[in-house]
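**Q** Turn this into a model:
(one chain, ligands or ions: 2)
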Amino acid sequence: MRLAHHISPLLLALLAGPLSAVAQDAAPAQRPEVAAAAQKLQQPVVEWRRDFHAHPELSNREERTSAKVAEHLRALGLAPRTGIAHHGVVAIIKGGKPGPKVALRADMDALPVTEQTSLPFASKATTTFNGQQTGVMHACGHDAHTAILLGVADALVAMQGELPGEVMLVFQPSEEGAPGKEEGGASLMLKEGLFKDFKPDAMFGLHVFSSVQAGRIAVRGGPLMAASDRFNITVTGRQTHGSAPWNGIDPIVASADLVSTAQSIVSRRTNISKLPAVVTFGAIHGGIRYNIIPDSVEMVGTIRTFDEDMRQDIFADLKNVAQHVAAAHGATAEANVPDQVGNPVTSNDPALTARMLPSLQAVVGADNVYEPPLQMGAEDFAYYAKEVPSMFFFVGSTSKGIDPATAPSNHSPKFVLDESSLDIGLRAMLQVTLDYLDSAAQT
Ligand SMILES: [Zn+2]
Ligand SMILES: [Zn+2]
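**A** Ligands and ions are numbered 1, 2, ... in the order given. Predicted coordinates:
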């Protein structure tokens, strides 16, 4: 990588000619029909997104959003199925020519976040969540995803007669996770038979992302986003007076030891040269008064992994640590690791990703498509990617001039989306879909 320092400027100048010519040859062109559709749809997509942004709804409560989506799809002449996994909407566009089946996904839900932007269409919505009064905000940018997919629907319907194959549009509720004991999201859509009558040959999804500069797209083959699993551990001792710990069993000291020892699961027992992993304790609750040793302590946390074996090993290790460290203190531990099944690893099909890379490059230029680091965040698109070859990619949403490293991130009350990402998302999704259908139809 440092070789350039040793090459003379003349040689560099000579190399620059043929090299840039090669790069230009390799960079495919954006389809004219994509450019035309994007121009026509730019304004409507911005308006739809602003409308969704001003009217956010929490996971499994996307009533208005899904009604709007269904209304738009019906206006295009499609026959959407509604009420899938509560508020999911699915429509199929049957092309006029034979070809493969593709599914495109947009998520529709918002978050219990009180918006702190000065946007004219900022959300004023409030609700009660987990017993607390809170604002509701599209702080993850799913408003953009929904608007983009509506734009894609419009463009594909306009070229339906020429389309080689079929496209299923999946407007998915509850990506952020269903409240309480409810089910929801991608896993519930699949459980309710999303792929029963329409098994896609490939599936695509996108996410607007503050860590990526507007105008750029980030994608990688293989693991992209982590599996996310929650755990809950209760350490039980025996309550006694704080002045006489020998009369009881102290679950606070046992818990402190447990939290410390658990740090060695990733640092000493996991092969992090292969893939990273995280074990985080997010809350510890125990005790009520300075001079009472409590009966028990409850801890909750999250585990992030990129590999199924590693995931299972860390579950086993954490259970082991909890039980044995507690036992060393004379206490007991009930370790629910995980306490509910979390999202699996979001893995992009390597061959599909390599094949679709030129399509993304055609939209933003080869220099603006890059491989991002592994993301410790999770995404329930993972469930689709387990079923069919899939590609999930990030569309930059942080305006030029603002450092993506310090810009308010997705889920922040100050998350602001550069609206150029709507246009890029629309063009990228269209180009990928059309290129896939065309090339697959020819093989
Ligand atoms: Zn999110
Ligand atoms: Zn999201």
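**Q** can we go C-alpha only for contacts and neighbour counts from here?
**A** OK.
**Q** where does this structure have low pLDDT?
**A** Low-confidence segments of the chain, defined by pLDDT under 70: 1-27, 442-443.
**Q** For it, which segments count as helices?
**A** 9-26, 32-54, 63-75, 142-158, 185-191, 251-269, 308-328, 350-364, 382-387, 420-442 (DSSP state H).
**Q** Deepest-packed of those helices, please.
**A** helix 142-158 (a mean of 25; mean count of other Cα atoms under 10 Å).
**Q** relative to helix 420-442, how tilted is that one?
**A** Going by axes from the mean of the first three to the mean of the last three Cα atoms, to 10 degrees, helix 142-158 is angled at 40 degrees with respect to helix 420-442.
**Q** packing partners for helix 142-158?
**A** Contact analysis of helix 142-158 by 3 or more Cα pairs under 8 Å, 6 or more residues apart in numbering; DSSP states H and E lists helix 32-54, helix 63-75, strand 97-107, strand 164-172, strand 202-213, helix 420-442 as its packing neighbours.
**Q** And the ones you listed: which comes nearest Ala139?
**A** Among the helices and strands packed on helix 142-158, helix 32-54 comes nearest to Ala139, with 9.0 Å by Cα to Cα.
**Q** hang on, the earlier thing: possible to save the helices and strands packed on helix 142-158 as a markdown table with distance to Val341?
**A** What follows is the helices and strands packed on helix 142-158, written out as a markdown table (distance: least, Cα to Cα, whole Å):
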| stretch | distance to Val341 |
| --- | --- |
| helix 32-54 | 30 |
| helix 63-75 | 26 |
| strand 97-107 | 20 |
| strand 164-172 | 19 |
| strand 202-213 | 22 |
| helix 420-442 | 30 |
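**Q** ok, back up a step: can you tell which of the helices of the chain is closest to Val300?
**A** Nearest of these to Val300, taken as Cα to Cα: helix 251-269 at 10.8 Å.
**Q** circling back: wait, which of the helices and strands packed on helix 142-158 is closest to Asn348?
**A** Of all the helices and strands packed on helix 142-158, strand 202-213 comes closest under Cα to Cα, at 9.5 Å.
**Q** In terms of secondary structure, what does that closest one contact?
**A** In this structure, strand 202-213 makes packing contacts with strand 97-107, helix 142-158, strand 390-398, helix 420-442, judged by 3+ Cα pairs under 8 Å, 6+ apart.
**Q** swap the cut-off to 7 Å and go again
**A** Taking 3 or more Cα pairs under 7 Å, 6 or more residues apart in numbering; DSSP states H and E as the contact definition, the neighbouring helices and strands of strand 202-213 are strand 97-107, strand 390-398.
**Q** list the buried ones in the longest one?
**A** In other words, strand 97-107. Of the residues in strand 97-107, those buried under the neighbour-count criterion (16 or more other Cα atoms under 10 Å) are Gly99, Pro100, Lys101, Val102, Ala103, Leu104, Arg105, Ala106, Asp107.
**Q** Against Arg31, how distant is Asn368?
**A** Taking Cα to Cα, to the nearest Å as the measure, Asn368 falls 18 Å from Arg31.
**Q** what about the helices of the chain, which gets the closest to Ile93?
**A** Of all these, the one in closest proximity to Ile93, counting by Cα to Cα, is helix 142-158 (6.9 Å).
**Q** got the contact list for the closest one?
**A** Here helix 142-158 makes contact (Cα atoms under 7 Å, 6 or more residues apart in numbering) with 37, 41, 45, 48-49, 52-53, 76, 93, 106-110, 171, 207, 422, 425-426, 430.
**Q** Kindly recompute the last result at 8 Å.
**A** 37, 41, 44-46, 48-50, 52-53, 56, 69, 72-73, 76, 93, 104-110, 163, 169, 171, 206-208, 422-423, 425-426, 429-430 (Cα atoms under 8 Å, 6 or more residues apart in numbering).
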